[in-house]
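Novice: Whatever this is, show me its structure:
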Amino acid sequence: MTEEQRDLLCRGLTRLGVPYTPEAVERLGLYCRRLLEKNQVMNLTAITDPADVMTLHFLDSAALLPTRALGGRKLIDVGTGAGFPGLVLRILDPTIRLTLLDSLGKRVEWLTELCRELDLPDVVLLKGRAEELSRRKTHREQYDVAVSRALAAMPMLAELCLPLVRPGGAFLAMKSVDSDEELQSAAHAISVLGGRVAAKEDYLIPGTQVQHRLIVIEKVSPTPAKYPRGFAKIKKSPL
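Specialist: Okay, the predicted model is just below:
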């Protein structure tokens, strides 16, 4: 990581109000290098400029920390892809008990190698689909928080993520600021699945003119046993 990239990252974290350590900054620098190296042989990100990785991936992910009490909580990142936002959150807050879930084995293998190199042995990595994982007793309603970043439309996303969250927990969906219609279309699904929209929080990614939105859905009651349905049904007939 160059000094310019380090300064960009540190200034952004400070503007967000996110505390950080030199070790966390070094880990994020290594994360950036390994991401861009692997991206040459595997499609992990369309963002290939290191400075843009710092802002559009790392600072975007870090924006969840000041507004949510995630410390010490059991968190699952659904459809984590290259590790966003979950791995960034765990690097910046070591007390988060993190599980990364992705359906593609090659991504999970790379993330496993990355976590080993970053010396994060307590991160749990799972290959699988959310709708299948949440049918298992060991995972259904076992997480304090589920997060997902641009994985699917809200009606589908709610059915994939809310069954994993315990009552009293929350589902955090990272969306665009133009997501009002999408959220409105998910109102029935969120209610049926035991959720309630608690907040919509728009934020500007430091160092950019990009605005994103965090949608906070509280889990207020257990998800009925018949949900989630199979992925084909979820996709064909959203709640």
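Novice: From the contact counts, what lies against the one helix or strand in the chain whose mean pLDDT sits lowest?
Specialist: The helix or strand of the chain with the lowest confidence, counting by mean pLDDT, DSSP states H and E, is helix 64-67 at a mean of 86. Using 3 or more Cβ pairs under 8 Å, 6 or more residues apart in numbering; DSSP states H and E as the contact test, the elements touching helix 64-67 are helix 86-92. From N, CA and C alone the C-beta is placed, and that goes for glycine too.
Novice: Could you list every helix and strand in contact with the helix or strand that the helix it packs on is followed by?
Specialist: Next along the chain after helix 86-92, taking DSSP states H and E as the criterion, comes strand 97-102. Strand 97-102 makes packing contacts with strand 74-78, helix 86-92, helix 105-117, strand 124-127 when contacts are defined by 3+ Cβ pairs under 8 Å, 6+ apart.
Novice: okay, strand 97-102 in PDB with CA atoms only?
Specialist: This file holds the C-alpha atoms of strand 97-102, laid out as PDB (Å, rounded to 0.1, in the frame of the first residue of the first chain):
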ATOM      1  CA  ARG A  97     -17.800 -13.300  15.400                       C
ATOM      2  CA  LEU A  98     -17.900 -13.600  11.600                       C
ATOM      3  CA  THR A  99     -19.200 -16.200   9.200                       C
ATOM      4  CA  LEU A 100     -18.700 -15.700   5.400                       C
ATOM      5  CA  LEU A 101     -21.200 -17.500   3.200                       C
ATOM      6  CA  ASP A 102     -20.800 -17.900  -0.600                       C
END
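Novice: what's in contact with the longest strand along the chain?
Specialist: Among the elements of the chain assigned as strand by DSSP state E, the one spanning the most residues is strand 165-176. Contacts of strand 165-176 with the rest of the structure, by Cβ atoms under 8 Å, 6 or more residues apart in numbering, involve 60, 64, 68, 85, 141-150, 154, 157-158, 161-162, 182-183, 194-195, 198, 212-222.
Novice: which of those residues count as buried?
Specialist: Of the members of those, the ones counted as buried by neighbours, 16 or more other Cβ atoms under 10 Å, are 60, 64, 68, 85, 141-149, 154, 157-158, 161-162, 182-183, 194-195, 212-219.
Novice: now do the same end-to-end measure for stretch 142-153.
Specialist: 23 Å (Cα to Cα, to the nearest Å).
Novice: List the contacts of that stretch.
Specialist: In contact with stretch 142-153 (Cβ under 8 Å, 6+ apart) are residues 60-61, 64, 68, 70, 73-79, 81, 84-86, 89, 99, 157, 160-162, 164-166, 169-175, 182, 185-186, 238.
Novice: swap the cut-off to 6 Å and go again
Specialist: Where contact means Cβ atoms under 6 Å, 6 or more residues apart in numbering, the residues beyond stretch 142-153 that reach it are 73-79, 84-85, 157, 161, 164-165, 169-174, 182.
Novice: ditto for stretch 57-77
Specialist: Contacts to stretch 57-77, defined as Cβ under 6 Å, 6+ apart, come from residues 12, 16-18, 28, 84-86, 88, 92-93, 95-101, 143-147, 164, 201, 203, 205-206.
Novice: mind checking how far that stretch is from the chain centre?
Specialist: Using Cα atoms, centre = their mean, to the nearest Å, the mean C-alpha position of stretch 57-77 is found 8 Å from that of the whole chain.
Novice: Over to stretch 76-84?
Specialist: Taking Cα atoms, centre = their mean, the mean C-alpha location of stretch 76-84 is offset from the chain mean by 5 Å.
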